[in-house]
Each structure stands twice: as structure tokens, then as C-alpha cells.
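*Asks:* just coords:
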């Protein structure tokens with residue numbers, strides 16, 4: 001019975017992708033642009049917060065007040081410049097979903113199931129920390145006091161760490177996903 005359900009789900013996915021691949025591609029591009037926009041807003045705010053004196057440039061002068069103010073303002077700017085456009089895109093997606101006929105929507109039951117599984121962090125934070133340590137070592141700042149680091153160095157080091165991890169793991173994952181989609185779409189129903 002599990003094989004039957006899995007085969008049926010595969011056909012439903014294929015049908016969904018065949019019918020709505022264009023709009024799905026638009027939403028994937030919109031999600032990628034939202035992530036890129038969020039990174040740019042973050043980098044812009046880091047630079048502006050140092051220029052305006054909201055936070056000190058070296059980490060040894062930071063206090064909890066600086067940290068809290070920085071995070072609150074960052075959240076507000078991200079919500080304004082990225083969150084609102086993302087909410088508008090989500091509303092457009094919801095409007096598109098509502099215009100799909102009911103009988104067709106019922107076939108796409110995979111959007112209606114909710115998982116009750118609880119999973120752990122998956123080790124992503126540990127991987128980022130290890131990669132960050134490698135970057136700090138390669139930069140020659142391993143034995144340098146953290147208090148002497150500039151805020152820019154910390155932010156850009158973490159960003160480059162995440163970018164390199166995304167490249168190392170993201171490109172093969174994307175190639176595998178596209179190959180799987182191509183394979184699934186070519187299978188005969």
C-alpha cells in the first residue's frame with residue numbers, strides 16, 4: 001500500500017510541475033531574490049550602523065545595549081525592505097492558489113498534509129562554526145584577540161563562510177534536484 005501511495009504522489013507531483021512550472025519558476029526566482037536582498041540589506045545596515053555611531057566598529061567596545069539596539073533596528077529594516085515585498089509575493093501566491101479549480105486542488109493533497117515530526121538542528125550551526133574557524137585561521141587571526149577584530153571583519157567573515165558552504169553544498173544539490181526533476185518529468189505516466 002505504501003508503494004501505491006508513493007507512486008500516486010509521484011504522478012501528482014509530475015502533473016503539478018507540468019501544469020504550473022512557469023509560476024513555480026517565478027516563485028523560485030522571487031525566493032532567491034529575497035535572500036539576496038536580505039543579505040544586501042544586512043550588509044548595508046552593518047555599514048550604516050557603524051557610520052552613524054549606532055554601534056562601535058571594534059568588538060571590544062560593544063555592550064549588550066549596542067547588541068540589542070543593533071538587532072532591533074536590523075529586524076525593522078529587514079521587515080521593511082524585504083519582508084513587505086515577500087509578504088506581497090506570498091499574498092499573490094495565495095491568490096493564485098485560490099483561483100485553481102477545486103477538483104484540481106484536491107489532487108494536490110501533498111500541500112495539505114502536516115508533518116508532526118520534530119527534527120534537530122541537523123548540525124548546520126556546527127558546520128558553519130567549523131568553517132568560520134577555518135576562515136579565521138586562513139586569515140591569520142587565530143591567535144589575535146577577538147576584541148581587536150572589527151565588526152566588519154566579523155560580519156564579512158561569517159557571510160563568506162555561509163556563501164562558501166552554500167556553493168560547496170548548494171551547487172551539487174541543485175544539480176541533483178534538476179537531474180531528478182528531469183528524470184521524473186521524462187518518465188512515462
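*Replies:* Sure, I can see it. Here the structure is a predicted model, which is why all the values come from computation and not from measurement.
*Asks:* I believe residue 178 is in a helix; please confirm or correct that.
*Replies:* Yes: the assignment for residue 178 (DSSP: H, G, I helix; E, B strand; the rest coil) places it in a helix.
*Asks:* And the pLDDT at it?
*Replies:* Per-residue pLDDT puts residue 178 at 89.
*Asks:* Count the neighbours of it for me.
*Replies:* Residue 178 is flanked by 10 other residues according to other C-beta atoms under 10 Å. Backbone N, C-alpha and C define where each C-beta goes, glycine included.
*Asks:* Likewise for residue 17?
*Replies:* 13.
*Asks:* ditto for the one 4 residues further on
*Replies:* Counted with other C-beta under 10 Å, the neighbours of residue 21 add up to 12.
*Asks:* Tell me where this structure is predicted with low confidence.
*Replies:* Low-confidence segments of the chain (pLDDT under 70): 1-10, 12-13, 105-121, 188-189.
*Asks:* Mind naming the longest helix for it?
*Replies:* helix 2-51 (DSSP state H).
*Asks:* list the helices and strands that one packs on?
*Replies:* Other helices and strands packing on helix 2-51, by 3 or more C-beta pairs under 8 Å, 6 or more residues apart in numbering; DSSP states H and E, are helix 64-78, helix 84-99, helix 102-107, helix 151-186.
*Asks:* Serialize those helices to TSV and add fields for distance to residue 34.
*Replies:* Formatted as TSV, these follow (distance: least, C-beta to C-beta, whole Å):
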stretch	distance to residue 34
helix 64-78	10
helix 84-99	5
helix 102-107	25
helix 151-186	15
